[in-house]
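**Q** Please find the sequence and the predicted model below.
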Amino acid sequence: MNNFTYSIPTVIHFGKGQISHLAELKRSGDRVLLVYGGGSVKKSGLFDAAVKILTDAGISVTELPGVEPNPRIESVRRGAELCKENKIDMVLAVGGGSAIDCAKVVAAGACYDGDPWDLVLDGSKIKAALPVYSVLTLSATGSEMDEFAVISDLSKNEKWGTGSDLIKPVMSVLDPCYTFTVPAKQTAAGTADMMSHTFENYFTNVKGADLQGSLCEAVLKTCIKYGPIALREPENYDARANLMWAGSLAINGLLSYGSEVGWCVHPMEHELSAFYDITHGEGLAILTPVWMHFVLKKDPSKTAQLAAYGRNVWGLTGEDSEAAEQAVNKTAEFFFETMKMPANLRAVGITEKTHFEEMAAKAAAGCGGSFVPLTKEDIVSIFEMAF
């Protein structure tokens, strides 16, 4: 197991009615920028409830609405300018990972003299940030409890992740009731997203990280159990609660500390989103089983780890080769049949292979230190297998 420093400083208020804790934002100042996406937070009444708590606490609210599902640098720039113009003290995101990611880079951009895109390209340039808070409405990215943000510049077909301890949320409110109205498509995509985060941590080359592996298996089994229930019964509180907490734990560092490995499926999917603006979780679901199959073919020494996944998560038996293949098939079956997600790139509107070479070249830069390092040619093959 590797050395590590444990630090997950975000205060989590989990459960029904925890939105009342928004009054505590007063400790960070008197002016907040409220960041949100579409109209769902207003239709649900969450927006009005949040604004009332804030104004009753003596906090004035400036709005940044319309954050995109793959948040754009244009929204970040607009938010940073609003912060500077209105002398904003803190940033509050109400929504899913997109709103929170946007809020994080807005908070850093508000304290930066240059273009916020600089901070996306190089997180080490984040030297200060306004305090970030969030109210989560979608179980998926885990952004409510981590240091990362992913921002797109579609004019350049670029989607990059950045990160800094300075943009970790100070406090996040996690009320599963706010996810009752999440559509089936987003519930499934969110489940795939958190499972992918877990896979990226689970398949590691670090020896002796048994506890981390067991924690990953628990998160995966939780998603497999409760994802289908949430689809069938959208207002099942226990299903929504377990998925919400699984999403946070999947990427807050708990599963990766001491067993760090480079991620690979995410860099590949970021290219798909950058060029085609597809739903992130759907892209991950399409790529993950294909990547697993490719790993078994490229590096047979990884068969035992895929087999262990099959035995410990899916309850499979048999020889390593059989268990590994069945585990991949079980993963595909879960995503595409149980969760009813698109099974290939054509199903999400990608009907040509024009950009595969360019996308693969960019993705390969982030896949060299992964579970099985991938070349540009490997990634082109994975895209074609997923097509």
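**A** Arrived safely.

**Q** Let me see the backbone angles for the closest residue to S256 other than its chain neighbours.
**A** For S256, ignoring the flanking residues on the chain, the nearest one in space by C-beta to C-beta, 6 or more residues apart in numbering is N201 at 4.5 Å. The C-beta positions use only the backbone N, C-alpha and C, and glycine is treated the same way. Per-residue torsions, N201: phi -80, psi -30 (degrees, to the nearest 10).

**Q** After the helix or strand of the chain with the lowest mean pLDDT, which helix or strand is next?
**A** Least confident helix or strand of the chain, by mean pLDDT, DSSP states H and E, is helix 40-43 with a mean of 90. Downstream of helix 40-43, the next assigned helix or strand under DSSP states H and E is helix 46-56.

**Q** pLDDT of that following helix, averaged?
**A** Here helix 46-56 scores 97 as its mean pLDDT.

**Q** and it, how far from the chain's centre?
**A** Here helix 46-56 is found 26 Å from its chain centre; the criterion is C-alpha atoms, centre = their mean, to the nearest Å.

**Q** List the buried residues in that helix.
**A** Counting neighbours by 16 or more other C-beta atoms under 10 Å, one finds that the buried residues in helix 46-56 are 46-47, 49-51, 53-54.

**Q** Over to stretch 63-70?
**A** Buried residues in stretch 63-70, counted by 16+ other C-beta under 10 Å: 64, 67-70.

**Q** Which secondary structure state does M244 sit in?
**A** Under DSSP: H, G, I helix; E, B strand; the rest coil, M244 falls in the helix class.

**Q** I'd say it and F180 touch.
**A** No: using C-beta atoms under 8 Å, M244 is not in contact with F180; the gap is 11.3 Å.

**Q** Out of the two, name the residue with the larger neighbour count.
**A** Neighbour count, other C-beta atoms under 10 Å: between M244 and F180, M244 has more, with 26 against 16.

**Q** so what's the more buried one closest to, chain neighbours aside?
**A** S139 (4.4 Å).

**Q** quick one, phi psi at the one you found?
**A** Main-chain torsions, S139, degrees, to the nearest 10: phi -80, psi 110.

**Q** Any idea how many residues pack against it?
**A** Neighbours of S139 under the rule other C-beta under 10 Å: 34.

**Q** so what's it up against?
**A** 179, 182, 187, 190-191, 194, 240, 243-244, 246-247 (C-beta atoms under 8 Å, 6 or more residues apart in numbering).

**Q** per-residue confidence at it?
**A** Predicted confidence (pLDDT) at S139: the value is 96.

**Q** before we move on, what about the one 4 residues further on?
**A** Residue-level confidence at S143 comes out at 97, pLDDT.

**Q** residues contacting it?
**A** By C-beta under 8 Å, 6+ apart, the contact list for S143 reads 97, 100-101, 104, 134, 149.

**Q** Try it again at 7 Å.
**A** Contacts here follow C-beta atoms under 7 Å, 6 or more residues apart in numbering; on that basis S143 touches 97, 100-101, 149.

**Q** Mind checking which of these are in helices?
**A** Applying DSSP state H to the contacts of S143, the entries found in helices are 97, 100-101.

**Q** Which one of those sits in the busiest neighbourhood?
**A** For the ones in helices among the contacts of S143, counting by other C-beta under 10 Å, the largest number of neighbours falls to I100: 34 neighbours.

**Q** Settle this for me: it is touching E144, isn't it.
**A** Yes: counting by C-beta atoms under 7 Å, E144 is a contact partner of I100 at 5.9 Å.

**Q** Common neighbours of those two, please.
**A** Applying C-beta under 7 Å, 6+ apart, one finds that I100 and E144 are jointly contacted by S134.

**Q** where's the residue lying closest to E319 once chain neighbours are set aside relative to Q326, distance?
**A** Counting by C-beta to C-beta, 6+ apart, A307 is the residue found nearest to E319 once chain neighbours are left out, at 7.9 Å. A307 sits 9 Å away from Q326, going by C-beta to C-beta, to the nearest Å.
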